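**Student:** what would the 3D arrangement of this be:
(chains A and B)
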Amino acid sequence: MTTLDPDRADPADVDRAASGSPAAKEPPPRVDVERATAASRVGAVLALLAVAVLGTAPLWARTSVLRTLVGFFTLLALATMWNLLAGYAGLVSIGQQAYIGVGAYGLYWLSDSAGLDPFAAVPVAALVAAVISVPIAVLAFRLRGGYFAIGTWVIAETLRLLVANTTQLGGGSGVTITAVSGYDRQTRIYLTYWLALAVGVGAVALTYLLLRRRLGLALTANRDSETSARSLGVDVYRVKLLVYVVAAFGCALAGAVIYLNLLRIQPDAAFSVNWSAFMIFIVLIGGIGTIEGPIVGAVLFVVVQETLTQYGSWYLILLGLIAVAVALRARHGLWGLVAERTGISLFPVRRRLKLPPPPTPGGSR
Amino acid sequence: MTTANNLVQGLLLGGLYALFATGLSLMFGVMRLVNLAHGDFAILAAFLALVVVDGTGLHPLLTLAIVVPAMFAVGYLLQRGVLNFTVGGDGLAPVLVTFGLSIILQNVLLELFSADSRGLDAGAIEDTSLALGRLNVGWFPLLTLVTGAAVLAGLQLLLARTRLGRALRATSDDPEAAQLVGVDHRHAFAVATGLAMATVAIAGIFLGIRTTFSPALGPTRLIFAFEAVIIGGLGSLWGTLVGGMVLGVAQTLGAQISPGWGVLTGNLVFLAVLAFRPSGLFGKPVTT
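**Tutor:** The predicted structure follows:
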């Protein structure tokens, strides 16, 4: 890991690393490391344009559209965090609602009880969740695979029951965030919208940047073989812990924004396992283990939700059936199908080695 | 005296939790598969029993003769038709597929039976109790504990003494090697899931007699089963019974302190075991 530092993997570095000892008889061919593609450059421009257009939405969109978009951005953030956990670190959690709840109640407590500005309270609540997630990870990491999944669920349930039994937090019937009354309605809706946009875009950007760094290589190595990753010097436990804490922070941030939008918090809703079901569905349908997947999945999910939610349980049965079918048959989801056909990667985190053409006889040497 | 009585109630409740946990433990033991829809299958069995009772007027305990084989068949077909395709690989698929199944089952039951709480009426046995000094021990909870212990003992014998048990253990150790000596691992896996569903059917029917049930109750049953398995120790069948009892006692004593603290106390005891004795009370220390 030290010789091939991916954070500074310019070709010269790779050259030096590859040549090894000074006693090497033959200099190896020069290798270029390609980290961007034509599609990703176009994609980056389009993504920036899209974010810029979305940023002006309060100027041209109705309140109901803004609310739907807040839902979309927060779901995008949640799904992106779950994808980082399950798709990259192999941590299949069905307890991320723990952090949605902590974010929501943290927001309530910090703003209504401690007197912090509600918009400033959002990131503070997320930091609190990140701190809480460390001891939780230590416990949950003692379980593996399916048992890890149920363990995270039990922890979320425990937090729900603790909140429901705490009268200061409104008990089972919940609380209403009143600290936002200092803002007039329109300002509040606009600020919430921009905050949600920042959280959604921020989650994707953070994941992209993290995966392009050392962490991405460590996670890939670990995904392919934990044993070989360890033998290469990857501190697997630390890497997984880092991902878990980041995901807790991201989910709490999204949770706080969701309840800044809704204002009424109830423990059964905030800590509902349905949040995990939605995250899983979005990531599976879009494509697990890709950054594009959760974006595609979240768009589709919101469209489906807007049109089918009136069918109640049939809608959930359909989601369940699709999740099962995708997990069994189309492991890489919709984006996987697109990428397979076209080879497009909008957020390239891979390193492609470009070898020069083989030297012709009597050439450079 | 209330405490002593609650202690006994909790221990007996452990029998029910052991019934829930056995199938979860068996499936994990044979194929390292954790069925997140486990609790929902118990609720499905309870509703099947309800349909049989409504249709035939049979006593709920007699419906075991119909529902248990039916659930064995459901389990066998589920494994052959769906879950066998998830075994092996990176372990992501089983979690996602069984979680999806859980959502499907809950909502199908909701569509068919509505969200109302239902119950199975077993008549006099539900209310009569055995007086031991000043302690009152209900006949039905006692029957549940005896049944739980009998199911565990039966499973233990099956695994240790029969040809089928040998095939299951061989498949658990190494599916490919088992295949080489003539064990069809797909069939062995399906039998294991069938057996797990048979035990969960017993659990579901006893639950339905003991208390009311509704389509959304599955996940809590899964959680209790899981807690019993982890408290008892992975891979220890009798540990599961003790784990169920520890959980039952924690829940009844917790509820005695405050009604809202029953399940919560159970969860806290589970987390304490995870923190201080991660291999469970009877599990072998894990070395990885």
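
**Student:** for whichever strand or helix holds A:Val245, buried residues please.
**Tutor:** In this structure, A:Val245 is located in helix A:236-262 according to DSSP states H and E. Residues of helix A:236-262 classed as buried: A:236, A:239-262 (neighbour count, 16 or more other C-beta atoms under 10 Å in any protein chain shown). C-beta here means a position set from N, CA and C on the backbone, and glycine is covered the same way.

**Student:** same check on stretch B:61-68?
**Tutor:** For stretch B:61-68, using 16+ other C-beta under 10 Å, the buried residues are B:Leu61, B:Thr63, B:Leu64, B:Ile66, B:Val67, B:Val68.

**Student:** the closest residue to B:Gly262 other than its chain neighbours sits in which helix or strand?
**Tutor:** Counting by C-beta to C-beta, 6 or more residues apart in numbering or on different chains, B:Gly262 lies nearest to B:Ala255, which is 3.4 Å off, once chain neighbours are set aside. Taking DSSP H and E as the definition, one finds B:Ala255 inside helix B:237-257.

**Student:** who does that helix touch, helix- and strand-wise?
**Tutor:** For helix B:237-257, the elements it packs on are helix B:2-31, helix B:139-161, helix B:218-232, helix B:262-276, judged by 3 or more C-beta pairs under 8 Å, 6 or more residues apart in numbering or on different chains; DSSP states H and E.

**Student:** buried set for the last one?
**Tutor:** Applying a neighbour-count criterion of 16+ other C-beta under 10 Å, one finds B:Gly262, B:Val263, B:Leu264, B:Thr265, B:Gly266, B:Asn267, B:Leu268, B:Val269, B:Phe270, B:Leu271, B:Val273, B:Leu274 buried in helix B:262-276.

**Student:** the fourth one touches B:Ala250, doesn't it?
**Tutor:** Think B:Thr265. Yes. Between B:Thr265 and B:Ala250 there is a contact at 4.9 Å, judged by C-beta atoms under 8 Å.

**Student:** surely A:Leu76 meets A:Ala298?
**Tutor:** Yes. At 4.3 Å, A:Leu76 counts as touching A:Ala298 under the criterion of C-beta under 8 Å.

**Student:** what sits closest to the residue of the stretch 101-250 of chain A found nearest chain B if chain neighbours are left out?
**Tutor:** Residue nearest to chain B within the stretch 101-250 of chain A (C-beta to the nearest C-beta): A:Gly146, separated by 2.4 Å. Here the nearest residue to A:Gly146 in space, its sequence neighbours aside, is B:Val34; by C-beta to C-beta, 6+ apart that works out to 2.4 Å.

**Student:** which ones are touching the one you found?
**Tutor:** Residues in contact with B:Val34, defined by C-beta atoms under 8 Å, 6 or more residues apart in numbering or on different chains, are A:Gly145, A:Gly146, A:Tyr147, A:Ala149, A:Ile150, B:Leu24, B:Met27, B:Phe28, B:Pro94, B:Val95, B:Thr98.

**Student:** how about the last one, secondary structure?
**Tutor:** On the three-state scheme (DSSP: H, G, I helix; E, B strand; the rest coil), B:Thr98 is labelled helix.

**Student:** count the neighbours of it for me.
**Tutor:** 26 (other C-beta atoms under 10 Å in any protein chain shown).

**Student:** equivalent analysis for the second one, please.
**Tutor:** Other residues within reach of A:Gly146, judged by other C-beta under 10 Å, total 24.

**Student:** packing partners for the helix or strand hosting it?
**Tutor:** Assessed by DSSP H and E, A:Gly146 sits inside helix A:145-164. Helices and strands touching helix A:145-164, as assessed by 3+ C-beta pairs under 8 Å, 6+ apart, comprise helix A:97-108, helix A:118-140, helix A:267-270, helix B:92-113, helix B:218-232, helix B:262-276.

**Student:** what does the stretch 1-150 of chain B put close to chain A?
**Tutor:** B:28, B:32-36, B:82, B:85-86, B:90-104, B:106-108, B:110-111 (C-beta under 8 Å from any C-beta of the partner chain).

**Student:** how close does the residue nearest to B:Ala115 when sequence neighbours are not counted get to chain A?
**Tutor:** Nearest residue to B:Ala115 in three dimensions, chain neighbours excluded: B:Ser214, at 5.9 Å (C-beta to C-beta, 6+ apart). B:Ser214 sits 13 Å away from chain A, going by C-beta to the nearest C-beta, to the nearest Å.

**Student:** residues contacting B:Ser214?
**Tutor:** Counting by C-beta under 8 Å, 6+ apart, B:Ser214 touches B:Ile43, B:Ala115, B:Asp116, B:Ser117, B:Arg118.

**Student:** burial count for the fourth one?
**Tutor:** It refers to B:Ser117. For B:Ser117, the tally of surrounding residues (other C-beta under 10 Å) stands at 12.

**Student:** distance of it from B:Ser102?
**Tutor:** Note on B:Ser117: its distance to B:Ser102, by C-beta to C-beta, to the nearest Å, is 19 Å.

**Student:** likewise for the third one?
**Tutor:** Using C-beta to C-beta, B:Asp116 is found at 20 Å from B:Ser102.

**Student:** who's more crowded, the two?
**Tutor:** B:Ser102 (24 against 8).

**Student:** list phi and psi for the closest residue to that one other than its chain neighbours.
**Tutor:** In space, and not counting its chain neighbours, B:Ser102 is closest to B:Ala37: 4.0 Å by C-beta to C-beta, 6+ apart. Main-chain torsions, B:Ala37, degrees, to the nearest 10: phi -100, psi 10.

**Student:** lovely, talk soon.
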